Each structure stands twice: as C-alpha cells, then as structure tokens.
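[1] Next comes the sequence, and after it the predicted model I'd like to discuss.
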Amino acid sequence: MPCTSANSNPKQSGIASFGLAMCLAAPLLAQTSRTQHWSFHPVQTTERTTGQITELAEILDTLISKRRTAANLTSSPPADRHTLIRRLYLDVHGLPPTTEQIASFVSDEQPDAYARLVDQVLTSPRYGERWAQHWLDIVRYADTTGFEVNTPRATAWPYRDWVIRSLNNDLPYDKFVFEQIAGNAPGSKLVHDHVAATGFLVAGPAVLVGQIGKDEPSRRQAQQDRLDEIIKATGSTFLGLTVGCARCHDHKFDPVSQKDYYAMQAVFAGVRYEQRPIPKADNTHQLANIQAHIASLQQQLDAFEPIAIVSQSGKRASKQSQSTPPVPQLRRPVTATRNIERLKPIEARFLRFKVLATNSGHEPCIDELEVYSATSDTSPSKNVALASAGARATSSGNYANNPKHRLPHIHDNKYGNGRSWISNTKGSGWVVIEFANQVIIDRVVWGRDRNRRFSDRLATQYEIAVANEPGKWQIVSTSSDRSSGKSAPPHPNVQAKNLTRDLGAAESKFAALTKQSFVFAGQFTPNPKPAHFLYRGNPMAPREVITPAIPSVFGAPRITHTVEHERRAAFARWITSEDNPLTSRVISNRIWQHHFGIGLVDTPSDFGAAGQKPSHPKLLNWMARVLMDSNWSLKHLHRIILSSATYRQGSQPRSNALRTDSTNRLLWRFTPRRLEAEVIRDSVLASSGALDFRMGGPGFSLFVPNTNYVRVYVPKTKWTPDTFRRMIYAHKVRMEQGGVFGAFDCPDAGQMAPKRSRSTTALQSLNLFNSTFIIQQAEILARDIDTTKRSNAARVRQAFRRVLGRVPSDSESRKSTDLVAKHGLSALCRVLFNTNEFLVLP
Amino acid sequence: MKPVSSENLNRRAFLSKLGLGVGALSLPEITIASGRNAQGTHHQPRAKQLLMIYCTGALSQLETFDYKPQLIARDGKPFEGGPKVTFQGENGNLAAPRFAFRPRGECGKMTSDLLPHIGALADEICFIHSMKSKTNTHGSGENVMSTGFRLDGFPSLGAWLTYALGSTRDDLPAYVTIPDPRGVPQASVNNWGPGFLPTMFQGTPFSSTRPIRNLARPNGISETSDRQARELLRNLNEDHLRRFKNDDKLLARMASHQLAEKMQRSIPEIRDLSKEPASVLSLYGADDTSNKTKASFARNCILARRLIEKGVRFVQVFNGAYAMGEGVGNWDGHRFLEKQYKIHGPILDQPVAAMLTDLKRRGLLDQTLVVFCTEFGRMPMFQKGATGRDHNDDGFTCWMAGAGVKAPFTYGATDEFGYRAVENVVTVHDFHATILHILGLDHERLTHYHDGFTRRLTDVHGRVVGDILA
C-alpha cells in the first residue's frame, strides 16, 4: 500500500512535484520522533471548557482571531439575517428554511433571536438526517455488497436509521463509538436500541461468498480483505490513523507496526459479514390483544357465511332434485389457511372430521380443528375442542415419527405446519374429538396451515359428523356444497366487507409484530481462529500467531480476554477513553469541517505524520476538551460553533484578504461552497413542496428494478411520489451513480470518503437543466403557486421566495416575468433550480 | 481582450483543471486565451491519445493468440503438476485449443481461426503473452485491469489520464467509454469511474445505441423556451456573480452551462453515422444484417474512430457485458467454450480489425496507442465434466498497437501449456506503467492524496516495459 511522503504537501494533488512519494522509498522516522507527533500529545488547553454557550463561543472566536490578526486580516461584518438563516438551515438540516421561517427570524427583534433559532434547528429531526450523511460517507455505507454482483443488502438500513436516531438523540459520542465497535454484547440491556450499531463493522464492500474462488489463495485473500476493511475503517473513522498501511509492512510515518495491524485483526477476527436477527422487545401483551381482536372480527365475519346444507344421503340436495327452489348459495372453496363450517346449533358429545380426498394425494394434514359452542345468555362462544378445555382426540392413524405432526397438535391452540396432525393413510383419515361435556355447537373451523406456508395435503373432500353416543353419527357438513373455484369471491355485504378489511389490517399487524426481522450488522464467531502475522501481507505466508492488542505505541495493556465480544469491548473502551489523544480531536475536527467546508486538519481521517497539521492547534485541542467535558455531547459543540462570530460572518470576498489568504484558512470570512448532491435534491423537493418527510425504513430506489444475479443498475427517469423522500433514504448502490445527482460528487461507497470533492462539470449542468426530475419538480412548484390567481409579477415573486428565499430585484423581476409570460411559470422554476445562488451555501 | 494578469492565469489553470477546456469562453467578465493541453506531461509523449478495446469475462489466450503446440500434443492428458482446484472447483485434463492456429501477416505470427481479421493485422501488433493479474474473480479482476486495485473505489486508468492531461476539446468529454451493445461490463462504473478523484474526471458513457443521459432538450419544452430559459439563467447568474466579485467557482459553473450547450450540439453530431460511406460500414461489418450484435458493436467501433479523430483523449470500447447466464454476455467460457466463442468471436473480430485498419489509413495510428485487454486468462485444462476453461490470472495475453510500440513484436511467454507467465512477466501494474509512459506520464509521479495515502494507478508497483517501446 502506498503511503505518502512526510514532506509532501497533501494539498498538492495532480502531478506530484516532490518526486517519489511512496512507502518503500520514503525515509524511516525514528520511533521516538513519531510518538512526539502533535496528535499523540494529551488533549490539553488553558482555556475554560465549561460555561455559557456565549462565553464558549467567545473563546472560539479569540482562538481564531489570534492567527488572523497576526496575518493582518480582520473578520468580515456579520452576515445579514437572510443569508444567516439560509446558511444555518442548509448547513445543519441540508434543507433551505421555509418562507415562514425566514419571515419570522428576519422580523424577530429579541436579542436572543439567533440563539433560539440555533436551538430550534438542533432539536429538529432534520439535523440527524443531514449529519448522518457525513458519517455514512466516512464509513462508506451502502445498501449493496459491491463488486460485480453488487447484490442488495436488504437489511443494512437499520444501521443508517440508528445513526440518524443517535445523532438526533445526541447520544454521547463515546457511546456512539462504543456501540459501533462492540454493541450487541450478549445479555446487554441496550441490545434492542443499539442492535444495528455494529452495522459499522460490516459497512464496507465484500465479495459475496458465492463469488469467491474455490481455490485456497482466493478464499484466504477474501477473508483477509474483509478483515482489512474493518481495521482500516476503525482506524480511520475514530482515530484518524491509516492503519491499513501496516498490512504489508510497518507504517512508515506513524507508529503502527505490522504486528500492531495483525493484533488489531485478532480483535476483529470473529466478525462475519452476515445479518443477524433483531431481538424483539417484549410485546406479549400487545400480541394477545391483537389476537383477541382478530378472533372477535373473525367470529363476526363467520356469521355472514352460509350454513352448511346436507341432504339425507350426504349429497347436496339441489343436485338430486331439479325442482327444489331456489338453489342455495354455494359456500366458499376450501382454502389451506382457514375454513369455516357454520352449523345449525346442535347438541353433541363427539365430532368426527373425516377426510375423503386431498389436493395433492398425500396423507391429509390439519393444523388445528376448532369447534365452537353456540353463544348463549350464560356463556360466550368458545372453542370446546381444545385439550385444555378437557377434550380428547382419537384418530384413524397418525403419521409416524415426526415431532411436528402429532395427534395432540390438532387441538393444542397452536397454528402452523410445525404443530399439526397428519394421517397415516394417503388421501384419507379421520379424527374424533370427544368434548368434556355434551354441548350445543354451531361452528367448526379448520385449516391445513394457518401460517400460510404449506398448501399441499389439504382436505378437498370431507364430511363432518356429530354424535351424542358413540357410533350414532349424524352428518352436519360436507365439502359438496362448496364451490370449486380457486379463491373466494368478495363478500357482497358492506358490513362484511368492512370486517374483512379490518381483519386484514389486524392480521398484517400481527404478522409484522411476530415476523423475525434482521439487520446486516455482523455475526460473531465466539472463538475465532487465531490470527497470524502474514509475511508482506500475503495470506499464503502466515507466520507466528498474534494475540489481540491495542497498537503498542499507546502503551495500553494487552487484551487478554478470550471471549470474542470482550476483545472488541476492550478495544472500544480504549478508543473512547479520555486518555486517548486522537478520538476527541478527530471528531471535533469533523464537526468543524462540515460547518466550514474544510477541517482545521484538512486530512480528516489522517492525523498521522503524513496528514496535515491543524491550522489552529489550540482551537482543536480546546474543542476536543470541551467535547469531553460536556459528556461527549456533539450538539453542545455544534451550538458553540454556530453561535460564534466566526460562523456568523459574511461571505463576501475582499481582494486584499484574498491576496493574503486565498483559501480562507484564517477565517476572515465564511467561505461559500457548492451544496452536496443530497442537499440540492432535497432542497429542490422542499422548494416545490413535494418533499415527503417520512423518516426511516427500507427507503426507495433511484434505479429501475432488476433481478439479474449480476445486478444491472439503470437510473430511473420517471419519478413517483415514493421517491420524493430525502436522499439519505435512497438505496445507496455501491459504485453506481444516480442518474441526476450522482454527478455532483456523490461518493461511491467503495473507499471511505471523509471529505468530498466539489467539481463543476458539463454533465452536472445537463442533469440539472434537462432531467425529468427537475422538469417535474419545476412543474409541481409552478402548479402549487398557480393555485391562486395572481399577476405574473406576483407569481414570479412567489417563485423566488420559494426557491431562493428572497424577493427578486426589479430587474430580475422584469426579466423573469417576461419568461413566464411567454413560456409559463414552470420555465422560471426550472431556471431558479439552476442558479448559482440556489446551489451555493451562502 | 484584457491583458493576461496573474489572476487570469490562475483562472485559466483552474478552468482547465476542471476539464472545461480552455477554448473561447465568451463571458463578459473574462476572456481566456485559447490553448490546448494545459497540464503538462512528464516527458515527451509517444502517443497523444489512447484507444482501448476491453474484452470482459476473461478472453482465453489459448483460443486466440497464445499458440502452444505442446497443449495440442497433450490434448486429453492429465496436467501433471497442474492445479487441482481453481476458481470454480475441480479440473479435468489438458485440452487443445478449440480453434486451429495458422501463420498470419508477413511476420507469420501464429494466431487462431477464431479471430482471423485481427490475426491478419499481426504485422501491426505488439503481443504480450506474459500478463499476470492479482485475482481470479471477474469483478475484482476488472477492477485490477481498470484501476490497479482489486477493491472497489479506486480511480480508473482513464480518470487518471484525464486528471493528468485534461481535455483537448471543450465540446466533447475528455474520456468516453463505449459499453457493449449487450450491456455494461460486470464491474460497471468501476471500469471508468473517478474513484476518489473528482467526478469530473470519470469516463462519460455513451455509444452508438445509447445516448448521454439528459443531453437532449426535455420533452415538451420548445427550442425558444429552452433558449430563453438559458438566457435568463445567465442573467441571474451574472447579477449574482457581481455580488461575489467574480468568484472563480461561480464562474466555472457558468462556463459549465456553455460547455453543456456545446455538447448538446457536438455529441448528437458525432453519434450520427449517417454520413459514413457504405464502404466504411461494410469494412466494419456495421451492415451485417445477419448479426445484429456484431453490427451494433461495429457501429460502436466506428464511433470510437470518430471520437479519436476529433481528438478525444481516451476512448474505451467494451466487448462483452455483464454475466447474463454463463458465457452468454461475455467471454466467460466455463462450460461450452467452443459454442460460446463461436458467438462472441465474429462480433469482436471484423469490427476491431476494421477500426485498426481505418485508424491507420487516416494516419491516426501515429498518435494513438491502441490497447487490447481482458481481466485475466483461462486454464489449459477443461473443468471437470465440462468443455470449458476456468479462470487463470497467472498467464494471459494482451496486445498493443499504434503509436509508441514495436510491431510486429511478441513479448514474454507462458509455459509450454500456456498456464503461467514464465518469461518477461508483465503485471497489470507494468502494463499500466507502460501505457502511462507512452502517453508522456511517469506512473510514480502521477499521484493524488486521499484518506492518508498518496495514491497511484500502479499502487507501489509497476515498471515500464522498455523492450516493447518503439
């Protein structure tokens, strides 16, 4: 793996002017000098780290102004309120403020107007959606595996939702980190809330098991690559250490040896790229309620079923005599899930269900046979066939030696193939239920598999008989008056229709609550194979066994735990320890980076010797300390930064300052910057009013559905409202770009992306000017404005307000009105979505 | 015209870096002097342009260009010392190539009857028989051939080139990738993606059958509406720009609209083959009504030539698509190799040969390096119970032609059965280093810092294969 030369300037990209900048040619630094590197120093500051937000913001401003003043630069005057609120919303929410929010802030004359606004944006759930995107970039989250097949990871999204939720809840950053590395501790109470957190470990691309070569080198290589992804991600994301460098040799610039690398590998050796079941919260009570509701609905609905008609011979009367008026209603066809036999109330001690034929010819199967007493004044209807009600079952014979299919299962109040009875005779068999007492019954309910998995072995011809004394059978229902159609016609009765609908809803709810759901957050092998040192990183050249450990430079004790989870937990505890010099610095820098567009350290995932030095080291130390002293509250840090005068400066360029500091590292103004792909898309939707604010869940796709085993991702060109959600809920397809916004430097989730490039290309211009997405949103916005009849000038004003958050100047208004008069309001909306003003964080 | 100030020079460098070209941008605020190829090369290039033919699915070296008499002699015999288990599992016996070899060209190079048209041009070709990759998995293998890394997310060769050399024109993308008419290759965008380089350096995919997305004026919007909308956009942006004192980035975005407009004219024009004479269509096989895929691929090859003619820096033509059933969409002949190759051979052969011939007669081969490659090769034995070959990354054949390379020439060799590269081994890194060298770039100096690493196309490897340079 190439590393960078210590004296090369990372900003210098393109043709490197420093000659060879590669690992093997680079000078080795002495171990001692490497540990003296700034980022390994303890986090210390002489400034106050607790107190009022305003006081802390002033400290921040002082730390900035020292360097600025030294360079003979002054800060810019504060941004006007229009600019400020737009900046704040786009930065913190990734969405523009609404016209109402702007109006209210601009006219707010209270001295704490801005402070309240900051509170407001930080408490909104839009904050988590926006800042989660920054995190997902770093950890290269995607909803597909990557590589050639690029199969969907359909259960990855709970991790994305967890990140959003954790940020919104201001989960202390140390816990946020711990859960991602070592969540899912067996027996932990947090299991349910944080079950998806370890999605971090397996967020990277991985060759699917079926795609790995069967030869030994291929298999070992694949396993090494998977572990390498975890180690690289852990090192870069939390520590800003490019540990991956040490896979093949000792790190040339940072104090990470190749041995350290394999010791880290030993920590994570038990992680497998698999999904795991999400443990359920205890919902027994809720389930029982829904079940009772279903039973009640079912009973009401059953009352609409016709009563079974039986002729003396057991055949339907109508078939025997043409003259019998009128033909009785045929009953519904037999289904595998549930069949109801309504009877005229009849007294019985015994009930016999006799199967005469099955649909598949196999031995018949009944999962549950229910017999209900008629409702009376003294007692409600109940299932009298249950063993628990004292009933006994006998049969013609039982399927041998299968624990799933036993006679007691036919009246155990449990549904499904796994708790059913099967006869021992092909196509036939009978069961007799003897009730505890003689009882008046009016319903029999039975099925083959209520859980809807199996539909073979279904009794298609049968007869049901009752008796009060053994042997004296009276047939009460048969299959002969059932229609032979495939499915039941809908109920003609309105009330029955409503009941059917309610029943369906209740059943879906029950199914959803009982369904096992999964999350792609890794499975863990309790006792993984020992990790070996690999000579030059070659998986075919293993050397000595390496035990798990924290990189030795940090002087932490070795990890002696033998339990897999304990190893990860020990590692996570070390990362989140206040003594760790890197963790708090790295995250504070990331927060700064996303507010100002560039970090104090411009190599946000590399705080090593090859990375950049901080532009304001004291400020970085202070922020890191403030963060830890606020119990790792990220929102606290946001609030201080947003409240600072540095953040609230205007963004106008000044030529003298540009000459001294063209890149604005000294913060003499707020640097305007082009919005990211997600913000542009979300802002278009917000401006048009089409944005769907639903949060969480599996999300939507920007691509046409495809099922080829090597997935082919063709971008959609038709957009339905289900795609009008925020882009963070779009399936992230590794390597593929969405058809419209991919060109705006969306990271591809192949490698980690701690910062994005901001390029300007003709393709971006084409996508934003011509795509069906933009044209459609322009039309939606135009229609929305057009609902009230107004003059063209008023419509133009409204369009400017909606898209740019301001009213047009006279000349803008004149030119725009001209376009609207000739080509309609949507033509103007299309233009506004393409303006530089719309696309830039001001 | 304003005098060229240092500020203007910066702006010019900035714009050219954006791949926006430095043609006449007639913005009121700025006039940029015309110039080409603003970024420097490291040394005198031997070729200015690159045309790549990429056969996906792993084209068998044994059925095409790597003649192995011993393999023919030992047909059906066990492969003593050969690998028992390879990518898909167990193997059977050695198997002679399914197509006969005969001498071709003045040089008498032995090539097979599968690709007779290409073989006939042997005198123009520099064969490299000793290629070696780093993986035997298709997706990772395509990644290696296109980016130098097995993993996803690294910049493609074309992105590196565009990053280094910029664009030669302002009305066409610097880097065009032409997917096979049957579909995109397995690793899809990885083959032409920007990786962690800015997206502006990625290949722009389009073909004779597939237009650029969002290039055309949207349905339902009239030409005048479109023009006036652009005018208003320009006006609004100019007002805004004044407030930001001619900020370079805002200016660049405005320039990008102009470039987009130019592309709206130039791309349909270059995709329009209707003015190509019948003789050209028939030279390429684009008029072959009996084989539609071949005719479409031939049209892609004509498009490639037209793009090279217009000065596009890098044109990449894919032959073969993703796997749509084994060996159906590409060269992945595991089970019924002969049957499958009889389908794929004719699609590839005549169009590619015609493209070479056509470039040569137009004098374009003097400035264009042509590279023919695949992600890896195939095994000398058949798979157990099958009549096809498994993946083999230890030895395979690629070739080059045109500017910068010796021809006719043969470099490197595999062992007697064509299994392993044994003589003058050329790794994919070496292959890349050599391509960059011919285009005037030093692979060790073409770098980009990303996430803690100063990255190169060639990782920490690669040597220029000096012996094949003309």
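    Looks like it came in fine.

[2] What residues does residue A:533 make contact with?
    Residues near residue A:533 by CB atoms under 8 Å, 6 or more residues apart in numbering or on different chains: A:258, A:259, A:262, A:542, A:543, A:544, A:545, A:546. C-beta here means a position set from N, CA and C on the backbone, and glycine is covered the same way.

[3] Tell me which entries of these lie within helices.
    Members of the contacts of residue A:533 lying in helices (criterion: DSSP state H): A:258, A:259, A:262.

[4] Going by distance to chain B, which of these wins?
    The closest of those to chain B turns out to be residue A:258 (CB to the nearest CB; 14.7 Å).

[5] Count the residues that sit near residue 139.
    I went with chain A, as the question did not name one. 23 (other CB atoms under 10 Å in any protein chain shown).

[6] Chain B was what I was after
    29.

[7] So among the contacts of residue A:533, which ones count as buried?
    Buried residues within the contacts of residue A:533, counting neighbours by 16 or more other CB atoms under 10 Å in any protein chain shown: A:258, A:259, A:262, A:546.

[8] Name the nearest residue to residue 119, sequence neighbours excluded.
    Went with chain A since none was named. Sequence neighbours aside, residue A:639 is the residue nearest to residue A:119 in space, at 7.7 Å (criterion: CB to CB, 6 or more residues apart in numbering or on different chains).

[9] Actually, chain B is the one I wanted.
    Spatially, and ignoring its direct neighbours in sequence, residue B:119 is nearest to residue B:111 (3.5 Å; CB to CB, 6+ apart).

[10] check contacts around residue A:130.
    Residues in contact with residue A:130 (CB under 8 Å, 6+ apart) are A:92, A:93, A:94, A:95, A:679, A:728.

[11] Nearest to residue A:442 among those residues?
    Sorting the contacts of residue A:130 by distance to residue A:442 puts residue A:728 at the head of the list, at 55.7 Å, by CB to CB.

[12] Next up, phi/psi of the closest one, please.
    Per-residue torsions, residue A:728: phi -60, psi -20 (degrees, to the nearest 10).

[13] Against chain B, how distant is it?
    19 Å (CB to the nearest CB, to the nearest Å).

[14] what number of residues lie near the closest residue to residue A:629 other than its chain neighbours?
    Using CB to CB, 6+ apart and skipping the chain neighbours, the partner closest in space to residue A:629 is residue A:49 (4.5 Å). Residue A:49: 16 surrounding residues under other CB under 10 Å.

[15] With residue A:811 instead?
    11.

[16] check which helix or strand covers residue 253.
    By default, I'm working from chain A. Under the criterion DSSP states H and E, no helix or strand holds residue A:253.

[17] actually it's chain B I care about, not the one you picked
    helix B:248-271.

[18] Same question for residue A:627.
    Counting by DSSP H and E, residue A:627 is found in helix A:617-629.

[19] For chain B, which residue occupies the most central location?
    For chain B, the residue nearest the mean C-alpha position is residue B:316 (2.9 Å; CA atoms, centre = their mean).

[20] show me what contacts that residue?
    Residue B:316 makes contact with B:51, B:52, B:54, B:158, B:175, B:176, B:177, B:178, B:191, B:192, B:203, according to CB under 8 Å, 6+ apart.

[21] Give me the distance between residue A:351 and chain B.
    From residue A:351 to chain B the distance is 56 Å (CB to the nearest CB).

[22] can you confirm that residue is in a strand?
    Yes. According to DSSP: H, G, I helix; E, B strand; the rest coil, residue A:351 belongs to a strand.

[23] Nearest to chain B: which residue in chain A?
    residue A:750 (2.1 Å).

[24] Quick check: that residue touching residue A:734?
    Yes. Using CB atoms under 8 Å, residue A:750 is in contact with residue A:734, at 6.3 Å.

[25] Output the lowest mean pLDDT helix or strand found in chain A.
    Lowest mean confidence among the helices and strands of chain A (mean pLDDT, DSSP states H and E): strand A:14-15, at a mean of 36.
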